[in-house]
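Novice: okay, sequence plus prediction incoming.
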Amino acid sequence: MKYALTLVSLLLVGAMIVFAPYLRAVYQKQTTQPENSIVVTAPPLDPAEEALNFELEQRLEKKQKEDGYVMETYREYEIYRSADGSIEKEVPTSHLSYLRYEAK
């Protein structure tokens, strides 16, 4: 019995030594980026832009009447203001909101 236990222990240690590189490769593959993913890093902000205050604003872009309803389309804008409150930059985003109501 004592020899069987020693033999099993040696086989387990040998299996760990043989399979350790395979297990390490599997673990590293699971913890790294998937093959079809893209890592994107943002460029550092310009110090002049860092000092600007940022806010979002919805602006009416289009208004149309359709089948007795009025459909308004609003676009979101990023508004950058300086410390004194003047608008330095306006950037339209791809975010659109729609408002539909019955026409009078």
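Specialist: On my side now, so go ahead. Numbering: from 1, shown residues only.

Novice: ok, which stretches of the chain are helices?
Specialist: All helices of the chain, identified by DSSP state H, fall at 2-31, 47-50.

Novice: can you flag the weakest of those helices by average pLDDT?
Specialist: Least confidently modelled of the helices of the chain is helix 47-50, at a mean of 62 by mean pLDDT.

Novice: show me what the lengthiest strand in the chain is packed up against.
Specialist: Secondary structure of the chain read by DSSP state E shows that its longest strand is strand 87-102. Under the contact criterion of 3 or more C-beta pairs under 8 Å, 6 or more residues apart in numbering; DSSP states H and E, strand 87-102 touches strand 53-66, strand 69-81. C-beta coordinates here come from the backbone N, C-alpha and C atoms, glycine included.

Novice: so of those strands, which one's packed in deepest?
Specialist: Mean neighbours per residue, mean count of other C-beta atoms under 10 Å, is largest over the helices and strands packed on strand 87-102 for strand 69-81, with a mean of 15.

Novice: from the chain's centroid, how far away is that one?
Specialist: Strand 69-81 has its C-alpha centroid displaced from the chain centroid by 23 Å (C-alpha atoms, centre = their mean, to the nearest Å).

Novice: what packs against that strand?
Specialist: By 3+ C-beta pairs under 8 Å, 6+ apart, strand 69-81 packs against strand 53-66, strand 87-102.

Novice: other SSEs contacting the first one?
Specialist: It stands for strand 53-66. Counting by 3+ C-beta pairs under 8 Å, 6+ apart, the packing neighbours recorded for strand 53-66 are strand 69-81, strand 87-102.

Novice: pLDDT wise, what is Gln58 at?
Specialist: pLDDT for Gln58: 91.

Novice: next one: it from Arg81, what distance?
Specialist: Using C-beta to C-beta, to the nearest Å, one gets 17 Å for the distance from Gln58 to Arg81.

Novice: try Lys63
Specialist: Per C-beta to C-beta, Lys63 is found 27 Å from Arg81.

Novice: same check on Glu102?
Specialist: Applying C-beta to C-beta to Glu102 and Arg81 gives a distance of 37 Å.

Novice: now do Glu57
Specialist: In terms of C-beta to C-beta, Glu57 sits 11 Å off from Arg81.
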